[in-house]
Structures are given as structure tokens and as C-alpha cells.
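Trainee: Here is my input, please return the structure:
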Amino acid sequence: MMMRFVPRTALLLTIAVALAAALAGSDARAQEGGGIIVPPPPPAGDIVFASNRFGNYEIFTMTVTGSGQARRTTAAGDDTLPVWSPDGTKIAFVSNRDGNDEIYVMNANGTSQTNVSNNIADDSYPSWSPDGTKIAFSTNRDGDFQIYVMDANGGAAGNLSNGPNDDYAPSWSPNGQKIAFFRNDAIWTMNANGGSQTELESFPSTVISRPVWKPDGSRIATTRYGDANVWAIDADGSNLKSLFAGVFPAWSPTGNRMVFVRDGEIRTADEDGGDQIQLTSNDDNDLYPHWKGITGNGGLVGDVDCDGSVDAIDAALVLQLGVGFVDSLPCLESADVNEDGSIDAVDAALILQYAAGLLDSLPP
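Mentor: Now for the predicted structure:
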């Protein structure tokens with residue numbers, strides 16, 4: 001692959017042209033609303049997490065660099081365990097604001113918070129199906145905790161695991177065919193319909209965080225209580241390995257990095273624990289991070305340079321490709337954001353509007 005980058009002045013010019021188009025679209029929308037320009041909500045960023053920095057736990061979002069930290073929930077009680085929907089437009093989370101743990105879903109900017117599980121039992125650990133139509137979760141509505149599944153907008157829920165004891169913390173595989181979960185301090189997998197339940201390998205001590213799949217489906221990461229390390233195991237149950245110190249891991253969209261918690265702060269690192277970057281810094285606890293953007297092609301829509309974020313550089317690269325200044329892009333499959341079959345200035349403008357917070361999400 002050959003890449004030829006234009007001089008800095010030309011790069012800035014392409015960014016300026018796209019930004020002008022984005023702002024023009026924003027002004028037009030404001031004028032249609034009666035001439036009153038209402039600032040858009042802060043952009044949703046790429047990482048969602050829970051923090052008790054204001055007393056109780058609330059849901060926050062931020063970029064992959066730690067900037068743009070924005071509070072998305074303000075209800076009484078604790079809001080925890082947030083996870084992005086596959087298209088990045090919604091966030092599912094757990095809240096006890098109604099007196100018991102329930103699954104809620106809200107828009108990425110925090111609006112339209114809706115109780116979708118709505119049961120007197122405790123419902124927790126939501127996990128979206130890859131197509132975004134279903135949510136698997138843990139519930140004790142049958143006595144022991146079991147893995148249930150329901151439509152993403154709520155409604156009737158069915159028991160998938162029917163285990164002999166507690167089954168909890170489900171995690172849907174990227175291809176939608178399997179669900180990983182915990183049973184008897186071990187990682188198990190089952191088919192998406194509950195069949196073929198298989199123990200991968202028993203951990204040396206109690207596991208304490210959701211098992212999370214690598215975007216290519218090859219590995220599953222989690223944390224065990226004994227040493228508070230991030231561990232990973234191959235999807236076939238082999239190659240159990242301690243990776244580095246940390247808890248509550250989640251993979252980046254491209255699978256080359258992880259977001260995790262260490263000493264109550266959110267960090268990112270390579271899979272082997274190298275190149276660690278601390279994203280949050282406060283006196284309270286930031287927990288349960290989740291990285292947005294695992295799409296059907298394994299990449300983040302709009303992230304054409306494969307760095308795990310969508311920003312103005314991605315827009316500039318798309319424009320350079322369109323005019324022939326570069327011959328390809330590291331993540332070319334992520335460039336056609338409006339899925340019209342072409343990569344052009346429209347895609348660049350959409351990326352730039354999203355990066356500037358004028359759009360809450362990019363077209364799936």
C-alpha cells in the first residue's frame with residue numbers, strides 16, 4: 001500500500017473546507033428552527049464508563065484521549081455497566097433508580113432514558129446482539145441468576161441458559177453465534193439460542209468482570225479476583241494467559257488495544273500491557289469502560305487511519321483519497337460512512353460533523 005501525504009498547508013485547507021460545509025449545514029438547521037442557534041450536546045466520544053465523582057455512580061462518555069468527558073445520566077441511585085449499541089447510537093446500562101437493578105437504554109447523548117427490562121427482579125449486565133435487535137442480560141427472576149434475552153426495546157424475555165446455579169455477565173460474540181458467560185467461577189459459552197453449553201476453562205479464583213470478546217472472535221478477556229489482572233483465553237478454551245495488571249477490560253474496535261481500569265482510573269494499553277495511557281484522573285472511581293464501534297467489518301465507521309477514534313484527521317484523509325493525494329487508507333472499509341458505494345467529500349463532511357459534535361452518530 002502506497003500513501004503520499006500532502007504538505008501541512010494543503011491538509012489544513014482540506015480540513016477548513018470540510019469544516020465550512022459542516023458548519024453551514026448546522027447554521028441552516030438553526031435557521032429552520034426560527035433563527036435561534038441551540039448549541040448541540042457534547043459529542044458522545046468513543047468510550048463510555050461509570051463514575052462516582054459526583055457522589056453516586058453516573059454514566060459518562062469521553063474520547064479515546066480522555067478529552068470531552070461528559071456526564072450522560074443524573075438520576076438518583078447508581079447507573080453502572082454501560083455498553084454501546086453496535087451502531088454507536090445508543091447506550092444500555094444498569095440503574096437502581098427505581099429501587100432495584102433494571103436495564104435502561106438511552107441515546108448516545110443521554111436523552112430518552114428508558115427502562116426496557118421493567119421487572120421486580122434484579123436485571124443486570126446488558127449485552128447487545130451484533131445486529132442491535134436483542135439484549136442479553138442476567139436476571140434472578142427465576143431465583144438463581146440466569147441469562148435471558150429480550151428485544152432491544154424491551155418486552156417479553158426468555159431464559160437462555162437454564163443453569164443449575166448462577167449464570168451471569170453474558171457477552172455476545174462478534175458474529176452473533178455465541179454468548180460467553182460465567183458459571184461456577186468459569187467462563188462458559190453457549191449458542192445464541194442457549195444450546196451447546198461448554199465450559200472453556202475454570203479460572204484459578206473468582207472472576208469479577210464480564211467476559212469480553214476480541215472483535216475477530218478469537219479471544220475472550222476478563223478479570224479474576226485473586227490478582228486483579230486482565231486475563232485472556234482463546235475462544236476454544238486454550239492459551240489462558242495473564243496479560244497485565246487491571247480490571248474490567250474491553251477491546252478497541254480494531255482489537256489492537258484494550259481499555260481497562262487500574263487504581264480507579266480508566267486507561268488504554270496494547271494487548272500485552274504496553275503503551276499505557278491514563279485517560280481519567282480524579283479522587284473517585286471510574287469503572288466499567290466500553291469502547292464504541294465494533295461493526296460488521298471489524299472496524300470503527302469513519303476511523304480510516306485505524307487509531308481507534310474518529311476525528312478531523314480521518315476527514316482530511318478521506319478528502320485526500322478523493323482527490324488522488326493518497327492511493328489507499330489503512331482502514332479503507334470504514335471510509336464509506338453513508339454506504340452509497342463511493343468515498344467522497346460527503347463522507348468527509350459527515351466524519352467532520354461527527355468529530356465536531358454536530359452529529360450524535362454516523363450512519364451504520
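
Trainee: so where's the stretch 151-300 of the chain uncertain?
Mentor: Along the stretch 151-300 of the chain, the model assigns pLDDT under 70 to residues 202-208, 225-226, 294-300.

Trainee: Now do the closest residue to Gly322 other than its chain neighbours against Arg224, distance only.
Mentor: Counting by Cβ to Cβ, 6 or more residues apart in numbering, Gly322 lies nearest to Asp344, which is 5.1 Å off, once chain neighbours are set aside. For glycine as for every other residue, the C-beta is placed from the backbone atoms N, C-alpha and C. From Asp344 over to Arg224 the distance is 49 Å, taken as Cβ to Cβ, to the nearest Å.

Trainee: next one: Trp213
Mentor: With Cβ to Cβ as the criterion, Trp213 and Arg224 are 18 Å apart.

Trainee: the more surrounded of those two?
Mentor: Neighbour totals were compared for Trp213 and Arg224, and Trp213 leads with 25 against 19 (other Cβ atoms under 10 Å).

Trainee: Isn't the more buried one up against Ala232?
Mentor: No. Counting by Cβ atoms under 8 Å, Trp213 stays clear of Ala232, with 10.4 Å between them.

Trainee: Quick check: neighbours shared by those two?
Mentor: Taking Cβ atoms under 8 Å, 6 or more residues apart in numbering as the contact rule, Trp213 and Ala232 both touch 219-220.

Trainee: Okay, and the beta partners of Phe93?
Mentor: Tyr104 (DSSP bridges).

Trainee: same thing with Ile47?
Mentor: Met62, Trp291.

Trainee: Could you pull up the residues touching it?
Mentor: Taking Cβ under 8 Å, 6+ apart, one finds 61-64, 259, 266, 279, 289-292 in contact with Ile47.

Trainee: swap the cut-off to 7 Å and go again
Mentor: 61-62, 64, 259, 266, 289, 291 (Cβ atoms under 7 Å, 6 or more residues apart in numbering).

Trainee: Tyr354 too?
Mentor: By Cβ under 7 Å, 6+ apart, the neighbours of Tyr354 are 302, 310, 362.

Trainee: Run through the strands of the stretch 51-200 of the chain in chain order.
Mentor: 56-62, 70-71, 79-84, 90-95, 102-107, 114-115, 123-128, 134-142, 144-151, 157-159, 167-172, 178-183, 186-191, 198-202 (DSSP state E, counting those that start in this stretch).

Trainee: Serialize these to a markdown table and add fields for distance to Leu332 and mean neighbour count.
Mentor: As requested, these are exported to a markdown table (distance: least, Cβ to Cβ, whole Å; neighbours: other Cβ atoms under 10 Å):
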| stretch | distance to Leu332 | mean neighbour count |
| --- | --- | --- |
| strand 56-62 | 27 | 24 |
| strand 70-71 | 31 | 16 |
| strand 79-84 | 23 | 25 |
| strand 90-95 | 27 | 25 |
| strand 102-107 | 30 | 22 |
| strand 114-115 | 37 | 14 |
| strand 123-128 | 26 | 24 |
| strand 134-142 | 30 | 21 |
| strand 144-151 | 34 | 21 |
| strand 157-159 | 40 | 16 |
| strand 167-172 | 27 | 24 |
| strand 178-183 | 29 | 24 |
| strand 186-191 | 32 | 20 |
| strand 198-202 | 35 | 14 |
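
Trainee: so which of those strands gets nearest Gly322?
Mentor: When the strands of the stretch 51-200 of the chain are compared by Cβ to Cβ, strand 79-84 sits nearest Gly322, at 29.0 Å.

Trainee: so what does that closest one touch, helix or strand wise?
Mentor: strand 47-54, strand 56-62, strand 90-95, strand 123-128, strand 286-291 (3 or more Cβ pairs under 7 Å, 6 or more residues apart in numbering; DSSP states H and E).

Trainee: Alright, calling it a day.
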